[in-house]
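>>> okay, sequence plus prediction incoming.
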Amino acid sequence: MSGGAPTPEVLRQVRTAVAARRYGEAQQLAQRELDAGAEHPQLLHLRAIWHEEQQRFPEALADLEHAHRLDPSEFAVVMALGNLLERLNRRVDARDVFRRAVALRPDLVGTHVRLGWACENLGEIDGARAAYERAVQLDPTHAQALGRLAVIASQQGDWDEARRWAARSLAANPKEFNAELAYIRADLRQGRPEDAEQRLDRVLASPLAPDDVYLAHKELGALRHQQGRYEEAFAAWTKGNELAHQHYAPMFAAPRGVAGFTELLGEYLTAQEPWPPAPSASGPAKTHVFLLGFARSGTTLLEQVLAAHPDVVSLEEKDTLGAVVERFPISSHGLDALRDADEAALEPVRAVYWQDVTSHGVDPTSRVLIDKSPFNALRLAHIARLFPQARVLFALRDPRDVILSCLRTPFRVNGIVHQLLRVEDAGRYYASYMRAAEQIRRVVPMNCLQLRHEDLLDDFEGEIRRVCEFIGIDLQPGMLSFESAERKVATPSAHQLREGLTRARSGQWTHYAEQLAPAIRHLQPWIERFGYV
């Protein structure tokens with residue numbers, strides 16, 4: 001048998017085994033037929049399940065993609081493919097696959113819930129909310145969809161709305177974690193620590209999925225911090241982070257880790273001579289601005305302020321540079337190719353970038369485009385080479401506050417976040433990241449303005465005026481009252497924007513100096529370099 005369909009009898013045996021939940025038997029039958037050269041979506045799906053159970057993710061993905069090509073209408077395969085892409089952190093692809101699932105089964109609540117989750121992971125809050133609301137229309141008692149709506153509201157600081165959705169969710173399922181999480185966050189931010197503690201005690205005493213344990217300990221740490229019980233707060237964050245680190249290690253752990261990669265990048269760049277200036281390149285935007293730095297360094301605040309200008313459009317944390325990095329990888333070979341690339345090689349990649357920008361619903365034509373993604377500093381060479389007229393805003397904050405904030409923030413875990421779950425790993429990664437970014441800026445000509453978060457707090461209007469001059473816009477009154485803007489952002493600091501400017505979160509590392517010592521050892525050169533001594 002070569003590339004043919006399995007016999008009807010084999011398919012009958014497979015389906016009988018699946019119906020009887022004899023999955024091992026079904027997988028063995030599928031494997032035997034596939035080894036003999038058969039092709040069938042259900043057999044490939046069964047083998048993909050086995051590969052995924054063995055944590056052989058590339059093989060599982062290959063089987064599911066093959067099955068999808070054989071029959072794009074096979075709903076179970078589409079859902080499995082979307083789930084695996086989500087697990088592999090291929091978020092755009094996952095969202096697109098779940099959109100196909102919704103088109104195939106618009107009457108099925110679960111497809112809308114999965115699409116909502118995929119949109120959330122991309123920071124597409126409006127899309128996520130619409131998907132969950134459609135799920136609730138189909139099933140008004142769907143506890144998970146109601147709970148996710150509550151969580152979205154809590155992330156935006158809409159505490160009353162968060163409570164309304166959470167109440168409906170818990171009425172449908174008293175054990176719905178998302179609803180409890182929204183209530184806990186609302187209680188903490190609205191001055192009800194006793195209520196938050198009671199809920200946390202109840203939640204932590206119940207069986208939880210690994211991601212939920214991680215999130216619950218983030219909130220427990222927030223409660224203890226609020227109470228001034230700093231040692232217990234750090235212990236709670238550490239426990240949740242360690243559990244998440246272990247859970248995601250099979251997916252994201254690597255021999256040298258992300259920090260090892262950035263260290264190698266820094267070493268390569270240190271030996272590089274300055275690149276020649278890139279030829280000018282035009283684009284649809286009046287001014288092209290990249291806003292970057294490191295996570296928790298104030299990029300969201302800057303973006304919200306700039307987005308209040310009528311001539312500015314903003315793109316929040318979308319991977320618009322993915323195709324660029326795929327063509328020119330962040331490696332010695334890839335960067336050498338980028339340095340030597342001519343316009344014939346660069347222009348097609350540049351065109352894909354602008355297509356990606358518009359695919360996210362942003363029209364940059366004749367406007368100032370803010371492309372904000374904190375971790376794009378490692379892509380500065382790509383930015384400067386493809387967009388030599390672009391302006392780069394590099395956000396800084398006291399490295400000790402940055403690392404503390406990373407340790408306590410409830411991120412979605414990906415390869416980079418996995419590096420930020422342990423104290424010393426986080427400090428080492430920050431140091432290697434800043435060294436690599438510094439070397440790129442030394443080697444590659446670019447127009448860059450560095451901005452310290454603390455200076456923004458000390459002289460908000462003056463610093464924003466400096467930024468405006470740098471990117472070529474006038475200061476508008478609405479930019480100084482950014483906290484009242486109706487625009488929604490999808491980052492973990494979204495609710496903090498409603499509080500306006502505050503120094504309450506500056507210098508909090510001093511409460512945790514002893515616990516942060518393993519990280520500070522790596523941070524010290526950058527503490528001094530950025531003037532935080």
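All right, it came through fine.

>>> low pLDDT regions in the stretch 151-300 of the chain?
Judged against pLDDT under 70, the low-scoring parts of the stretch 151-300 of the chain cover residues 255-257.

>>> and the stretch 351-500 of the chain, by the same measure?
Of all residues in the stretch 351-500 of the chain, those with pLDDT under 70 make up the ranges 482-500.

>>> all helices of the stretch 401-533 of the chain, in order?
Per DSSP state H, counting those that start in this stretch, the stretch 401-533 of the chain carries helices over the ranges 415-419, 423-443, 453-458, 460-471, 494-497, 517-529.

>>> okay, and the closest residue to Gln144 other than its chain neighbours sits in which element?
Nearest-residue entry for Gln144: Val113, 6.0 Å, with adjacent residues in sequence omitted and distances by Cβ to Cβ, 6 or more residues apart in numbering. Any C-beta I mention is one placed from the backbone N, CA and C, and that applies to glycine too. In this assignment (DSSP states H and E), Val113 forms part of helix 109-121.

>>> how about the helices in the stretch 201-350 of the chain?
Here the stretch 201-350 of the chain has its helices, by DSSP H, counting those that start in this stretch, at 210-226, 230-252, 257-270, 299-307, 322-327, 332-340, 343-359.

>>> so which of those helices is nearest Asp398?
Taking Cβ to Cβ as the criterion, helix 299-307 is the member of those that comes nearest to Asp398, at 14.8 Å.

>>> and the closest one with helix 460-471, angle?
When axes from the mean of the first three to the mean of the last three Cα atoms, to 10 degrees is applied, the directions of helix 299-307 and helix 460-471 differ by 70 degrees.

>>> next one: helix 299-307 to chain centre, how far?
Computed by Cα atoms, centre = their mean, to the nearest Å, the chain-centroid distance of helix 299-307 equals 18 Å.

>>> and if you look at stretch 242-250?
Distance, stretch centre to chain centre, for stretch 242-250: 17 Å (Cα atoms, centre = their mean).

>>> let me have the helices of the stretch 201-350 of the chain in TSV, adding mean neighbour count as columns.
Rendered in TSV, the data for these read as follows (neighbours: other Cβ atoms under 10 Å):
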stretch	mean neighbour count
helix 210-226	21
helix 230-252	18
helix 257-270	19
helix 299-307	24
helix 322-327	17
helix 332-340	16
helix 343-359	15
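
>>> relative to Ala285, which of these is closest?
helix 343-359 (8.6 Å).

>>> just give me how far that closest one sits from the chain centre.
The chain centre lies 23 Å from the centre of helix 343-359; the measure is Cα atoms, centre = their mean.

>>> after that helix, which helix or strand is next?
strand 368-372.

>>> what does that next one contact?
Outside of strand 368-372, the residues within contact range by Cβ atoms under 8 Å, 6 or more residues apart in numbering are 285-292, 299-300, 302-303, 306-307, 309, 311-318, 320, 357, 362, 471-473.

>>> just the buried ones from those?
Neighbour-count burial (16 or more other Cβ atoms under 10 Å) is assigned, among the contacts of strand 368-372, to 285-292, 299-300, 302-303, 306-307, 309, 312-318, 320, 357, 362, 471, 473.

>>> any idea how far the nearest residue to Phe234 once chain neighbours are set aside is from Arg422?
In space, not counting the residues next to it along the chain, Phe234 is nearest to Gln515; the distance is 4.7 Å by Cβ to Cβ, 6+ apart. Taking Cβ to Cβ, to the nearest Å as the measure, Gln515 and Arg422 are separated by 12 Å.

>>> then Val467?
As judged by Cβ to Cβ, Val467 and Arg422 stand 34 Å apart.

>>> okay, the residue nearest to Gln144: pLDDT?
Per-residue confidence for Val113 comes out at a pLDDT of 97.

>>> my guess is it meets Glu133, correct?
No: under the contact definition of Cβ atoms under 8 Å, Val113 does not touch Glu133, with a separation of 11.1 Å.

>>> identify the contacts common to the two.
Listed as contacting both Val113 and Glu133 by Cβ under 8 Å, 6+ apart are Ala145.

>>> out of those two, which sits in the busier spot?
A direct count of neighbours by other Cβ atoms under 10 Å for Val113 and Glu133 places Val113 higher, at 22 against 15.

>>> before we move on, the earlier item: which ones are touching the residue nearest to Phe234?
Counting by Cβ under 8 Å, 6+ apart, Gln515 makes contact with 231, 234, 238, 423.

>>> one step back: closest to Asp158 out of the helices of the stretch 201-350 of the chain?
Between Asp158 and these, the shortest separation by Cβ to Cβ is 16.0 Å, and it involves helix 299-307.

>>> the closest one versus strand 368-372: what angle between them?
For helix 299-307 against strand 368-372, the angle by the same axes, to 10 degrees is 170 degrees.

>>> show me what helix 299-307 is packed up against.
In terms of contacts (3 or more Cβ pairs under 8 Å, 6 or more residues apart in numbering; DSSP states H and E), helix 299-307 is packed against strand 287-292, strand 312-316, strand 368-372, strand 391-396, helix 453-458, helix 460-471, helix 494-497.

>>> indicate which one of the ones you listed is closest to Asn121.
For Asn121, the closest of the helices and strands packed on helix 299-307 is strand 312-316, at 13.4 Å, according to Cβ to Cβ.

>>> CA atoms of the closest one as PDB?
Once non-C-alpha atoms are left out, strand 312-316 reads as follows in PDB (Å, rounded to 0.1, in the frame of the first residue of the first chain):
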ATOM      1  CA  VAL A 312      -0.800  58.400  15.600                       C
ATOM      2  CA  VAL A 313      -1.900  54.800  15.000                       C
ATOM      3  CA  SER A 314      -0.500  52.100  17.300                       C
ATOM      4  CA  LEU A 315       0.200  48.400  16.900                       C
ATOM      5  CA  GLU A 316       0.400  46.800  20.300                       C
END
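
>>> direction included, what does it pair against?
strand 368-372 (parallel) (DSSP bridges).

>>> tell me which helix or strand comes right after the partner strand.
Per DSSP H and E, the first helix or strand lying C-terminal to strand 368-372 is helix 380-386.

>>> quick one: distance of that following helix to the chain centre.
Relative to where its chain is centred, helix 380-386 has its mean C-alpha point 22 Å off (Cα atoms, centre = their mean).

>>> again with stretch 446-457
On the basis of Cα atoms, centre = their mean, stretch 446-457 sits 23 Å off its chain's mean C-alpha point.

>>> in it, what counts as buried?
Judged by neighbour count using 16+ other Cβ under 10 Å, the buried positions of stretch 446-457 are 446, 448, 451-454, 456-457.

>>> now the host helix or strand of Val14, how far from the centre of its chain.
Val14 belongs to helix 8-19 when elements are defined using DSSP H and E. Centroid separation for helix 8-19 versus its chain: 41 Å, with Cα atoms, centre = their mean.

>>> returning to that earlier point: so which of the helices of the stretch 201-350 of the chain gets nearest Leu64?
helix 230-252 (16.6 Å).

>>> who's in contact with the residue lying closest to His247 once chain neighbours are set aside?
With Cβ to Cβ, 6+ apart as the criterion, His247 has its nearest non-adjacent residue at 4.2 Å, and that residue is Pro210. Residues in contact with Pro210 (Cβ under 8 Å, 6+ apart) are 243-244, 247.
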